[in-house]
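K.L.:
Predicted model follows, preceded by the sequence.
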Amino acid sequence: MSTMDSISRRKVLRHGGNILAAGTVLSLLPKLAFAAKPVTVGFIYVGPRQDFGWNQSHWDAAKKIAKMDNVKVVEQENVPETAEVEKVIQSMIQLDGAKVIMATSFGYWNSVKKMAEKYPDVLFTHIGAIWKPGDPKNVIGYRGYMEEPHYLCGIAAGRMSKSGKIGFIGSKPLYFIFNNCNGYILGARSVNPKITCNVVITGDWNNPVKEAETTNSLIDQGCDVIIANVDSSKVAIETAERRGVFSCGYHSDCSSLAPNGFLTGAEWNWASAAEFVEAWRTGGKYPNLLRGGFKRDMVGLSPFGKALPQDVRNEILKAKQGFIDDSLKLYKGPLKDNEGNVVLKEGQVVDNEDTKFKLNVKFFVEGAIGKTGLR
Amino acid sequence: MSNAAFYRGLEAVVISTAALILTLVIFGGFVAAFGVNPLDVYYILYLGGFATQISIENTLTQAAPLMLTALCTAIPARVGLLVIGGEGALVVGGIATVLVGVNLSGLPFAVGVTVMGLAGALAGGIWIGAAGALRQYRGVNETISTLLMNYIAIAIMNHLVSGPIRDFDQVLKASSWSIPQEFMVSTIPGLDVHWGLVVGIVACVILYILMHQTIFGFGCNILGGNQRAAQLAGLSINRMVITCCFLGGAGAGLAGTMEIVAVHGFASESLVAGFGYAGILIAFLARQNSLVIIFVAILLGGISASGGLLQRRFDLPDATTAVLQGLLFVMVLASNTLYGRLP
């Protein structure tokens, strides 16, 4: 999927593990002769960093990147997707001397492109992975396949659900939310084919009241495992915990929110951007567009909750290994959507890195009770 | 200038400055509690807001939409209404801009942008004007109605951008169709700030003249001071109230237009950035004077521009700037009681 050869990248991975992401490893290495040039990395968040959600997942990456040798991280939170972000970028570059800007919200895209043209000596990353040929070369779009960790959450949900009903709360009717939901259901049905999943799209990224109401309503309908694809699933997880049902996390590590009912969670690993920082300051190669799942270490799994028995944990880790060595495919035939239409025939398999297919997912798989709201 | 006018001006300057200084002193104590040297913070406030070209550009960019949304509260306030619907009027103005703009391709730039500006202003004006009419004819409290209409406007926009006018090529965020690229407004020559700043200043000046130098403005002043007196004087109150609401709403609607034509190019949730609510603060700080709004907007723009630097240099929470703005708000309101009492 990267527009450049991924071999050099794999080499990096093979030789150093995720050296750059795991700064601790770096600090153990002897200082290299060609000491890395000092570089300032600016992180821009659209909301508060400690939200148990989207922004926190980037903050986690910032903390890892800050541990790299000779890297200084400056951060600014609550930056709206207006002209302000351009000014924040300029301020970071001119007043803080930033050479890398990590723009961590979708709506920053146009500003990022504009600023990248203005400052060709600064590297920009954007988390939408919507870079296309013709866009500035000093921009990287990257994004993880979140449906893979959702599949693993689904396995946990499928094994732990007593009622056979699980719940998915989505924010917006967008392709990746549909994919996540499908991953969750496919995972659950891989261990228990009778599972059904009630799906509710709230329509808002951040609407705690509605999220709490929806969680309660799903639980009232008998769902006993809840996952919420919203900016911060804190409210949904805490509500589920209070009601005594299981929950899975999203974006970042939410395990501390529900000591009893937390199973596991789907996490981003944005720290893979550390490689971009390294490539940028050493003049190395970097991709302009990068998507990946477990195979490329771009997504992660939250720590298992105490409620999850060992055999289920093993089952989840086995599936995770399946994504890593590409033996497990998420979308494969026979597959029907929840309106009975055939999506994939027997024998048809969609590659886990088939972004084109995933971008066009506008359906819920069989077992979902709910509508995409697109038709 | 007569002596009395001179002293009134001097009084306003002295009181505002005193309020500002007192705010900064208290804020210094607040950051000191976080273990940060207040003098460093003052320096960063200056550096981030006003010291360099980029700081000034940052400040002015932030100030531009606030001047327009502040009018939405300030103008109706001249006739005694408390309107807090700037956010909704901005959103409605933005939608109207897009709906009109997408149909204009081929027209000359100046015509296209003017038509879009009129559409935005008209939509925002009707939106708030409707709240004024509801109050005059049906007795609906304008504060409550404009607050609730904010949510209605945002809901309408969310509905439109996630269905009827959605651009399905934008996969990550529900966004409307884009206006033609040739209508995107550039920045002011020599200053990396979009033209919204000029629009804001011109609108403030025009409305200042209207509200302070014309018979209509004089009538509004009477109505704002005492409705009974205005009635006795035979002023057409309904017409004046609705006109003021319309003008205020038009200001905020124009802010929506500028956000579309100078920043986004399309409507999406990014329009809901809190400009409308910040405008209320500015209108009050400026004591509903359109001319003063320009300066207050720049001051608050500077505070939020330097707020980023405060976060980055001292690792202070983002809420720090909100604290500073809040303190300033309280101080200015409290200092209002001093008018006419100075020796």
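P.N.:
That came through, no problem.

K.L.:
alpha carbons only for contacts and neighbour counts from here, please
P.N.:
Will do.

K.L.:
Within range of chain B, give me the residues from chain A.
P.N.:
Residues of chain A lying near chain B by C-alpha under 8 Å from any C-alpha of the partner chain: A:48, A:74-78, A:80-84, A:87-88, A:90-91, A:94, A:106-107, A:110, A:128, A:174-175, A:359, A:374.

K.L.:
Among those, which are located in helices?
P.N.:
Judged by DSSP state H, helices contain the following of these: A:83, A:84, A:87, A:88, A:90, A:91, A:94, A:110, A:175, A:359.

K.L.:
Just the buried ones from those?
P.N.:
A:83, A:84, A:87, A:88, A:90, A:91, A:110, A:175 (16 or more other C-alpha atoms under 10 Å in any protein chain shown).

K.L.:
Next, the contact list for residue A:258, please.
P.N.:
A:237, A:238, A:241, A:247 (C-alpha atoms under 8 Å, 6 or more residues apart in numbering or on different chains).

K.L.:
Where helices are concerned, which of those residues count?
P.N.:
Per DSSP H, those map to helices at A:237, A:238, A:241.

K.L.:
I'd like to know how many residues surround the last one.
P.N.:
The burial count assigned to residue A:241 is 19, neighbours taken as other C-alpha atoms under 10 Å in any protein chain shown.

K.L.:
just the second one next, same as before
P.N.:
Counted with other C-alpha under 10 Å, the neighbours of residue A:238 add up to 21.

K.L.:
any chance of the ones in helices among the residues of chain A next to chain B in a markdown table, plus pLDDT and distance to residue A:276?
P.N.:
Compiled in a markdown table, those are given as follows (pLDDT from 0 to 100; distance: C-alpha to C-alpha, whole Å):
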| residue | pLDDT | distance to residue A:276 |
| --- | --- | --- |
| A:83 | 84 | 26 |
| A:84 | 87 | 25 |
| A:87 | 90 | 23 |
| A:88 | 92 | 21 |
| A:90 | 92 | 20 |
| A:91 | 91 | 22 |
| A:94 | 90 | 21 |
| A:110 | 88 | 21 |
| A:175 | 91 | 26 |
| A:359 | 91 | 24 |
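
K.L.:
Just put those in CSV and tack on distance to residue B:221.
P.N.:
Shown next, in CSV, are those (distance: C-alpha to C-alpha, whole Å):
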residue, distance to residue B:221
A:83, 36
A:84, 36
A:87, 39
A:88, 41
A:90, 44
A:91, 43
A:94, 47
A:110, 45
A:175, 55
A:359, 58
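
K.L.:
ok, those vs residue A:53, which is closest?
P.N.:
residue A:175 (19.1 Å; C-alpha to C-alpha).

K.L.:
if I look at the closest one, how far off is residue B:45?
P.N.:
According to C-alpha to C-alpha, to the nearest Å, residue A:175 stands 42 Å off from residue B:45.

K.L.:
what about residue B:247, which helix or strand?
P.N.:
For residue B:247, the enclosing helix or strand under DSSP states H and E is helix B:237-258.

K.L.:
In terms of secondary structure, what does that helix contact?
P.N.:
helix B:53-78, helix B:86-101, helix B:109-138, helix B:196-213 (3 or more C-alpha pairs under 8 Å, 6 or more residues apart in numbering or on different chains; DSSP states H and E).

K.L.:
immediately after that helix, which helix or strand?
P.N.:
Next along from helix B:237-258, by DSSP H and E: helix B:275-285.

K.L.:
Which positions in chain B make contact with chain A?
P.N.:
Of all the residues in chain B, those lying near chain A are B:54-55, B:57-58, B:61-62, B:163, B:171-174, B:259, B:263-264, B:270-271, B:273, B:305, B:308-309, B:311-313, B:318, going by C-alpha under 8 Å from any C-alpha.

K.L.:
Same list, the ones in helices among the contacts of residue A:258, but as TSV with pLDDT and distance to residue A:61 please.
P.N.:
Output for those, formatted as TSV (pLDDT from 0 to 100; distance: C-alpha to C-alpha, whole Å):
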residue	pLDDT	distance to residue A:61
A:237	97	23
A:238	96	25
A:241	96	28
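
K.L.:
Is it possible to get a markdown table of these that adds distance to residue B:333?
P.N.:
As requested, the ones in helices among the contacts of residue A:258 are exported to a markdown table (distance: C-alpha to C-alpha, whole Å):
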| residue | distance to residue B:333 |
| --- | --- |
| A:237 | 42 |
| A:238 | 40 |
| A:241 | 45 |
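
K.L.:
about what we covered before: among the ones in helices among the residues of chain A next to chain B, which one lies nearest to residue A:37?
P.N.:
For those, the nearest to residue A:37 is residue A:94 (18.2 Å; C-alpha to C-alpha).

K.L.:
which residues touch that closest one?
P.N.:
So residue A:94 contacts residue B:54 (C-alpha under 8 Å, 6+ apart).

K.L.:
Kind regards, and thank you for your time.
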